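**Student:** here's my sequence, what's the structure:
(one chain, ligands or ions: 2)
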Amino acid sequence: MTSDSGVSPKTIHAADLRIDARWVIPIEPAGVVLEHHAVLIQGDRIAAVIPQQDADTGYRAKETIRLDSHVVMPGLINLHGHAAMSLFRGLADDLPLMTWLNDHIWPAEGRYVDESFIFDGTRLAIAEMLRTGTTTFSDMYFFPEVVAELAHDTGIRAQVCFPLLDFPTMWGSGPDDYLAKGTALIERWQGDDYVAPAIGPHAPYTVSDEPLRQCLALAQDKQVAIQIHLHETAFEVSDALAKTGRRPTERLAELGLLGPGLQCVHMTQIDDTDVRLLRESGAHVVHCPESNLKLASGLCPTERLRQAGVNVTIGTDGAASNNDLDLFGEVRTAAMLAKVVADDAAALSAHQALAMATLNGAKALGRDHELGSLVAGKRADLIAVDLGDPFLQPVYDPASHLVYSNHSRQVSHSWINGVPQVQDGRLTRIDVPDLMLKVQAWADTIRSGQTG
Ligand SMILES: CSC[C@H]1O[C@@H](n2cnc3c(O)ncnc32)[C@H](O)[C@@H]1O
Ligand SMILES: [Zn+2]
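**Tutor:** Ligands and ions are numbered 1, 2, ... in the order given. Modelled structure (predicted):
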């Protein structure tokens, strides 16, 4: 069909939302910064990322937002944490891992952790993560059914790993009980858009072979991921060598756990065999640099792993060992550390660091076909960061500012599945005054040593 002038009329597409941004960093293609582009959203998907002039002629949007001093990019993916531990932030500092766990954190958990602790602590963590640009997080903690329900109701994406240890905790009496409850969690949430259930055996030093085999069987049966703390400290590796003659990664490989469904958290101690096992199996590494630094656990050689072809993602760990859940801060630390560990200032460039916190995380979750970059057809999970403040001037390269300059309070907007979660720096779906009252009550209880 042609108009009277003989020229074919241009198709005008509908969009729910048009975001006009000064800069867009789509992550795919890698290393690209687009200027004066529009991101068009239809329903829960990205419809297009195109120059603003093309959006003027090709799209009619119900709503348009102009972000003239902002960079728009995919939402961040925090691949490891213990969300409700936010309520233990600053409770036990300046300690090495095993003293921190044995003498402080595990006694505190035994005393205070119940369903209401998990609900309030996880809500606090979600508020912090959303406010600082995270749109997907992974959790490994007690009462995972509470975390799953809360993430779903809030509309934030979460991989919820049920915990498993050899010994009893507040959530279960032992491996069989954890597995039974975990199986119920998987059956309840599998296929959900926001919640991906997964299996979280705590660490090689707290889970013996038979429960690890059962974790693998469950993962294979239900097609879910496994996340485990691995090679967090030199002591973990030397102790395993002394007791079993094998490094923990070798033990997991022999048990059959190493594979593309395994997320190995920390990996601060790595030899050539570890690199080979990770590369050949397709297992993912979750780098948690600030927790590793604060507990003096060690340094993950991310550049070596990256060059070997291992997918390296990033996580904050819990707020009791970090002590925040600001993933941009984590990315900055990761970029700095990568350079000094590799003795190469070119290691982990700004664009590679941003990919680590977005697309690499999506790969580890098995969802890179729909998350992790701003590509038409993917889910509309995106954030805007305002670079307009004086402390961020001048802007030669927005990717550089996102990684190397401090802008943690500059996340102005966030959408998950096209639904606004942060608008002009304010959380849209969390009642912050109510949350603050609950947090204050927990702080009073914990400070006075009472039980909850
Ligand atoms: C099985 S639920 C999670 C369990 O892990 C503890 N935890 C928190 N941070 C770490 C860490 O860095 N290494 C090992 N274990 C950690 C947490 O307190 C829970 O008990
Ligand atoms: Zn952890």
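**Student:** residue numbers of the stretch 1-150 of the chain in contact with ligand 1?
**Tutor:** By CB under 6 Å from any ligand atom, the residues of the stretch 1-150 of the chain that approach ligand 1 are His82, Leu97, Leu101, Ile105, Glu109, Met140, Tyr141. The C-beta positions use only the backbone N, C-alpha and C, and glycine is treated the same way.
**Student:** as JSON lines, these with secondary structure would be great.
**Tutor:** Converted to JSON lines, those look like this (DSSP: H, G, I helix; E, B strand; the rest coil):
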{"residue": "His82", "secondary structure": "coil"}
{"residue": "Leu97", "secondary structure": "helix"}
{"residue": "Leu101", "secondary structure": "helix"}
{"residue": "Ile105", "secondary structure": "helix"}
{"residue": "Glu109", "secondary structure": "helix"}
{"residue": "Met140", "secondary structure": "strand"}
{"residue": "Tyr141", "secondary structure": "coil"}
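**Student:** top of those residues by neighbour count?
**Tutor:** Each of those was scored for neighbours by other CB atoms under 10 Å, and Met140 scores highest at 29 neighbours.
**Student:** contact partners for the residue lying closest to Leu230 once chain neighbours are set aside?
**Tutor:** Spatial nearest neighbour of Leu230, excluding adjacent residues (CB to CB, 6 or more residues apart in numbering): Cys264 at 4.3 Å. Shown in contact with Cys264 (CB atoms under 8 Å, 6 or more residues apart in numbering): Ile228, Leu230, His231, Thr249, Leu278, Ala283, His284, Val285, Val286.
**Student:** tell me which helix or strand Cys264 sits in.
**Tutor:** Per DSSP states H and E, Cys264 falls inside strand 262-266.
**Student:** adjacent strands (with direction) for that strand?
**Tutor:** Listed by DSSP bridges, the sheet partners of strand 262-266 and their directions read strand 226-230 (parallel), strand 284-287 (parallel).
**Student:** can you report phi and psi for the nearest residue to Ser321 once chain neighbours are set aside?
**Tutor:** Spatial nearest neighbour of Ser321, chain neighbours left out: Ser291 (4.4 Å); criterion: CB to CB, 6+ apart. Per-residue torsions, Ser291: phi -60, psi -40 (degrees, to the nearest 10).
**Student:** okay, now the domains of this structure?
**Tutor:** 13-74+380-417, 76-364 (automatic domain parsing).
**Student:** quick check: which of those domains is buried the most?
**Tutor:** domain 76-364 (a mean of 21; mean count of other CB atoms under 10 Å).
**Student:** for that domain, measure first residue to last.
**Tutor:** 13 Å (CA to CA, to the nearest Å).
**Student:** which helices and strands does the strand ranked longest in the chain pack with?
**Tutor:** For the chain, the longest strand by residue count, based on DSSP state E, is strand 59-74. On a contact count with 3 or more CB pairs under 8 Å, 6 or more residues apart in numbering; DSSP states H and E, strand 59-74 meets strand 13-24, strand 34-42, strand 382-386, helix 398-404, strand 411-416.
**Student:** how about residues contacting the second one?
**Tutor:** The contact list for strand 34-42 (CB under 8 Å, 6+ apart) reads 13-26, 46-52, 54-55, 59, 61, 72, 374, 380, 382, 415, 418.
**Student:** and the closest residue to ligand 1 within the stretch 101-250 of the chain, what helix or strand is that in?
**Tutor:** Of all residues in the stretch 101-250 of the chain, Pro163 sits closest to ligand 1, at 3.2 Å by CB to the nearest ligand atom. Using DSSP H and E, Pro163 sits in strand 157-164.
**Student:** Ile46 now?
**Tutor:** strand 45-51.
**Student:** coming back round to it: how close does the residue nearest to Ser321 sit to ligand 1?
**Tutor:** 5 Å (CB to the nearest ligand atom, to the nearest Å).
**Student:** how about the nearest residue to Arg367 once chain neighbours are set aside, secondary structure?
**Tutor:** Of all residues beyond its chain neighbours, the one nearest Arg367 is Ala196 (7.8 Å), with distances taken as CB to CB, 6+ apart. Following three-state DSSP, Ala196 is assigned to strand.
**Student:** surely Ala196 meets Phe162?
**Tutor:** No. Between Ala196 and Phe162 there is no contact under CB atoms under 8 Å: 12.0 Å.
**Student:** now Val224: phi and psi?
**Tutor:** phi -120, psi 160.
**Student:** what's near enough to touch it?
**Tutor:** Ile186, Gln190, Ala196, Pro197, Ala198, Ile199, Leu218, Gly261.
**Student:** Throw these into a markdown table and include pLDDT and distance to ligand 1, thanks.
**Tutor:** Shown next, in a markdown table, are the contacts of Val224 (pLDDT from 0 to 100; distance: CB to the nearest ligand atom, whole Å):
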| residue | pLDDT | distance to ligand 1 |
| --- | --- | --- |
| Ile186 | 98 | 16 |
| Gln190 | 97 | 21 |
| Ala196 | 98 | 17 |
| Pro197 | 99 | 15 |
| Ala198 | 99 | 13 |
| Ile199 | 99 | 11 |
| Leu218 | 98 | 16 |
| Gly261 | 98 | 19 |
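**Student:** just give me the closest of those residues to Asp344.
**Tutor:** Using CB to CB, Gly261 comes nearest to Asp344 of those, at 31.6 Å.
**Student:** just the pLDDT for the nearest residue to that closest one once chain neighbours are set aside.
**Tutor:** Using CB to CB, 6+ apart and skipping the chain neighbours, the partner closest in space to Gly261 is Ala225 (5.0 Å). Note on Ala225: pLDDT of 98.
**Student:** remind me which residues of this structure are low pLDDT?
**Tutor:** Along the chain, the parts satisfying pLDDT under 70 run over 1-7, 450-452.
**Student:** spatially central residue in it, please.
**Tutor:** Asn78 (1.2 Å; CA atoms, centre = their mean).
**Student:** may I ask which helix or strand encompasses the closest residue to that one other than its chain neighbours?
**Tutor:** Nearest non-adjacent residue to Asn78, counting by CB to CB, 6+ apart: Phe137, 4.3 Å away. Assessed by DSSP H and E, Phe137 sits inside strand 134-140.
**Student:** what angle separates that strand from strand 226-230?
**Tutor:** Orientation check (axes from the mean of the first three to the mean of the last three CA atoms, to 10 degrees): strand 134-140 against strand 226-230 gives 70 degrees.
**Student:** thinking again about what came up before, the residue nearest to the centre of the chain and Ala319: what is the separation?
**Tutor:** Look at Asn78 and Ala319: by CB to CB, to the nearest Å, they are 11 Å apart.
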